[in-house]
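>>> Return a 3D structure for these sequence lines:
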Amino acid sequence: MTIEQHIEELQLELKTACDAAERRQIETELQLAEADLAVMLAEQDGAIEAEPPF
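A predicted model of the protein is given here:
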């Protein structure tokens with residue numbers, strides 16, 4: 001599963017979540033997945049380096 005697919009699944013789950021606790025958990029997972037995607041895209045564009053600075 002790609003990160004994009006994972007994000008789409010989380011967005012769908014969020015729309016159907018009934019429980020507030022479940023909704024918060026899905027929102028957190030979605031934010032983490034979106035952050036991972038942003039880092040991956042920035043690495044591909046050369047905007048950031050993935051290696052540690054030392």
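>>> From here on, just use CA atoms for contacts and neighbour counts.
OK.
>>> which residues sit in contact with the residue nearest in space to the middle of the chain?
Closest residue to the average C-alpha location of the chain: residue 33 at 1.1 Å, with CA atoms, centre = their mean. Contact partners of residue 33, counting by CA atoms under 8 Å, 6 or more residues apart in numbering, are 3, 6, 7.
>>> Quick check: pLDDT value at the first one.
Spelled out, it's residue 3. At residue 3, the pLDDT value in this model is 94.
>>> Could you tell me how many residues sit around it?
13 (other CA atoms under 10 Å).
>>> residues of the helix or strand where the residue nearest to the centre of the chain lies that come out buried?
Following DSSP states H and E, one finds residue 33 within helix 20-45. Within helix 20-45, the residues that qualify as buried by neighbour count (16 or more other CA atoms under 10 Å) are 23, 26, 27, 29, 30, 33, 34, 37, 39.
>>> cool, stretch 6-14 as well?
For stretch 6-14, by 16+ other CA under 10 Å, it's 7, 10, 13, 14.
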